[in-house]
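Peer 1: Starting from these lines, generate the structure:
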Amino acid sequence: MDTCFSGESPSGSLVRAASGIHVTSKSLPAVPFTVISAANKDQVASWDKEARHGLFTKHLLDALYGAADNKRYGNADNRITLSEIKGYLDREMTYAARRQFGREQQATVIGDPEKVIVILNK
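Peer 2: Predicted coordinates:
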């Protein structure tokens with residue numbers, strides 16, 4: 001989920017005289033689906049000018065196309081699990097946010113870590 005910029009863009013605020021919001025989530029019972037979001041609840045999602053979309057989207061697409069299954073993050077079995085995606089995002093996207101913008105951005109991942117998300121055709 002990479003949905004918006006909380007009213008901010010690379011060139012400044014999109015909405016004049018507006019305040020950000022703070023959301024407190026309730027504990028929910030276990031659910032049979034997977035959620036991958038761009039940042040933690042107290043972080044902002046960064047924009048990748050070169051890729052022309054969110055930093056999260058860029059790195060999630062890289063992960064889904066196979067980068068998360070290489071030996072550094074996965075086991076190179078052509079099956080990308082949620083755990084492999086999380087490991088890739090934690091290292092690559094989080095590092096890129098720190099390096100490029102000097103701020104924290106860590107994806108939130110909810111679901112069965114062993115769930116296979118992609119089977120690669122190689």
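
Peer 1: Next, the contact list for D90, please.
Peer 2: 106-107 (Cβ atoms under 8 Å, 6 or more residues apart in numbering). The way it works is simple: take the backbone N, C-alpha and C, and place the C-beta from them, glycine included.

Peer 1: Do you have the helices of the chain handy? List them.
Peer 2: Taking DSSP state H, the helices of the chain run over residues 55-64, 82-88, 94-101.

Peer 1: Kindly reformat those helices as CSV containing distance to G74 and mean neighbour count.
Peer 2: Converted to CSV, the helices of the chain look like this (distance: least, Cβ to Cβ, whole Å; neighbours: other Cβ atoms under 10 Å):
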stretch, distance to G74, mean neighbour count
helix 55-64, 9, 21
helix 82-88, 4, 22
helix 94-101, 17, 15
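
Peer 1: wait, which of the ones you listed is closest to V116?
Peer 2: helix 82-88 (8.3 Å; Cβ to Cβ).

Peer 1: Packing partners of the closest one?
Peer 2: Helix 82-88 sits against helix 55-64, strand 108-110, with contacts defined as 3 or more Cβ pairs under 8 Å, 6 or more residues apart in numbering; DSSP states H and E.

Peer 1: Send over the first one as PDB, restricted to the C-alpha atoms.
Peer 2: What it means is helix 55-64. Provided in PDB are the C-alpha atoms of helix 55-64 (Å, rounded to 0.1, in the frame of the first residue of the first chain):
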ATOM      1  CA  LEU A  55      10.500   4.700  -2.900                       C
ATOM      2  CA  PHE A  56       8.400   1.800  -1.500                       C
ATOM      3  CA  THR A  57       6.800   1.000  -4.900                       C
ATOM      4  CA  LYS A  58      10.300   1.000  -6.500                       C
ATOM      5  CA  HIS A  59      11.700  -1.400  -4.000                       C
ATOM      6  CA  LEU A  60       8.600  -3.600  -3.700                       C
ATOM      7  CA  LEU A  61       8.600  -4.100  -7.500                       C
ATOM      8  CA  ASP A  62      12.300  -5.000  -7.400                       C
ATOM      9  CA  ALA A  63      11.600  -7.500  -4.600                       C
ATOM     10  CA  LEU A  64       8.600  -9.000  -6.500                       C
END
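
Peer 1: Right, I'll leave it there.
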